[in-house]
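Engineer: what follows is a predicted protein model with its sequence.
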Amino acid sequence: MRSAGLQVTIGEAMVVLYPEDQRALAEADRFGSDVGGAEFNVATSLARLGLPTSWVSRLGTDGFGARIRRVAGESGVDTSAVELDPSRPTGLYVKETTRTAGDVSTRMHYHRSGSAASALSSATLASPAAAALLTSAELVHTSGITAALSPTAAEAVTGLRAVLGPDTRLSVDLNYRPQLWGDGDTSALTALVAQADLLFLGRDEAEACFGHGDARRLFDAHPLLDTIVVKEDAHRASVHRRGGVEVHVRCLSVDVVEPIGAGDAFAAGFLCGLAERRDDAACLRLGHALAALALTSAGDRPLSVPDEMDRERIAGASDEDWASWAVSPGASPWRRSS
Ligand SMILES: Nc1ncnc2c1ncn2[C@@H]1O[C@H](COP(=O)(O)OP(=O)(O)O)[C@@H](O)[C@H]1O
Ligand SMILES: O=C(O)C(=O)C[C@H](O)[C@H](O)COP(=O)(O)O
């Protein structure tokens, strides 16, 4: 396998709290805790998959910020371009999961306004450490969440293309969070998408954000885009290439514990496949496999990631094997003991 180039992600990380036993917040006395944030989740998964990965962001000098830096380091993520801000706190969010017959859904409660990461700006991206990464990266990944953090963060990511190297690809996960777009003006999100080479979106969020999730219309409206990855629903995802080639791969059968983080894990699996120069179907399979590992964890990130041998099995799975694979907590069907 050809060695992968540098992957860089840009965005906020927060500490996450979630009630033990998935109780409603009003009933919860005990909480589990993790670290999350869309682009941080992607960075830690990419690094654990063995790709050289850096994360660009801002953290408070509080204990939460120290914890996030520790988790980044343990995962193998380079934080040399993370700014520390003694005057602002590190963000926090709380997850509230509801189970009804056959369905699991989670509400997010954010405590992040005024956070250190919300002060992310063009100056953050222009610091010598960040500029060196952004000009040499093979791929830079960010999401609509970063564009929604504040006016300065929006300005930074809507000018992103100008600070990347000439061969650096820009990957954007739409991650449309209506909660974060108070006045409903999503022009910064549109400006970010307009710079992307590669766009990840969920069919439902694209319909809410653009009024449709039609790849051909998105290619027409965004001339730089060459690839759109559509998470259709809980059953299927597809890759659309400009020019009309489409590849579809069904999701794995998964015993879902908690859904938050599945999209980020999916993006990491897909990007790992791209970095390893795999074909579109293999990239989608890797995305589904990482998503399955996030879905079977109560935290936002997969508890484990497939090693290179497992990735070969996932990428090369026969349709019959793929259709028969089921993932539940602690059980990864592609891992053989022999
Ligand atoms: N019920 C499910 N069963 C199996 N895989 C799922 C399920 N729900 C989500 N996934 C996986 O997670 C990926 C992301 O799902 P999605 O709900 O779109 O996430 P997000 O809203 O976090 O972006 C899907 O493309 C798929 O790989
Ligand atoms: O919402 C935010 O701002 C966050 O960054 C918190 C979460 O870590 C991501 O939202 C997870 O995203 P999904 O993988 O799409 O479920």
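Structural biologist: Nice, thanks for sending it over. Ligands and ions are numbered 1, 2, ... in the order given.

Engineer: count of residues packed around residue 233?
Structural biologist: Using other CB atoms under 10 Å, residue 233 is surrounded by 11 other residues. Yep, even glycine has a C-beta here, placed from its N, CA and C like the rest.

Engineer: which residues sit in contact with the nearest residue to it once chain neighbours are set aside?
Structural biologist: Using CB to CB, 6 or more residues apart in numbering and skipping residues adjacent in sequence, the residue nearest residue 233 is residue 203, 6.5 Å away. Counting by CB atoms under 8 Å, 6 or more residues apart in numbering, residue 203 touches 213, 230-233.

Engineer: one more time with 10 Å
Structural biologist: Counting by CB atoms under 10 Å, 6 or more residues apart in numbering, residue 203 makes contact with 212-214, 230-233, 236-238.

Engineer: residue 43 now?
Structural biologist: Contact analysis of residue 43 by CB under 10 Å, 6+ apart lists 7-11, 13, 37, 51, 53-57, 72, 75-79, 141, 264, 268.

Engineer: which of the residues you listed fall in helices?
Structural biologist: 72, 75, 264, 268 (DSSP state H).

Engineer: okay if I get the residues you listed as CSV plus pLDDT and distance to residue 22?
Structural biologist: Listed next are the ones in helices among the contacts of residue 43 as CSV, based on pLDDT from 0 to 100; distance: CB to CB, whole Å:
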residue, pLDDT, distance to residue 22
72, 98, 27
75, 98, 25
264, 98, 20
268, 98, 25
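
Engineer: and which of those residues is nearest residue 306?
Structural biologist: Proximity to residue 306 was ranked across these by CB to CB; first place goes to residue 268, at 11.2 Å.

Engineer: get me the contact residues on the stretch 1-150 of the chain for ligand 2.
Structural biologist: With CB under 6 Å from any ligand atom as the criterion, the stretch 1-150 of the chain meets ligand 2 at residues 36-38, 41, 108, 145.

Engineer: now the two most distant members of these.
Structural biologist: 41 and 108 (13.5 Å).

Engineer: which one of the ones in helices among the contacts of residue 43 is nearest to ligand 1?
Structural biologist: residue 264 (6.9 Å; CB to the nearest ligand atom).
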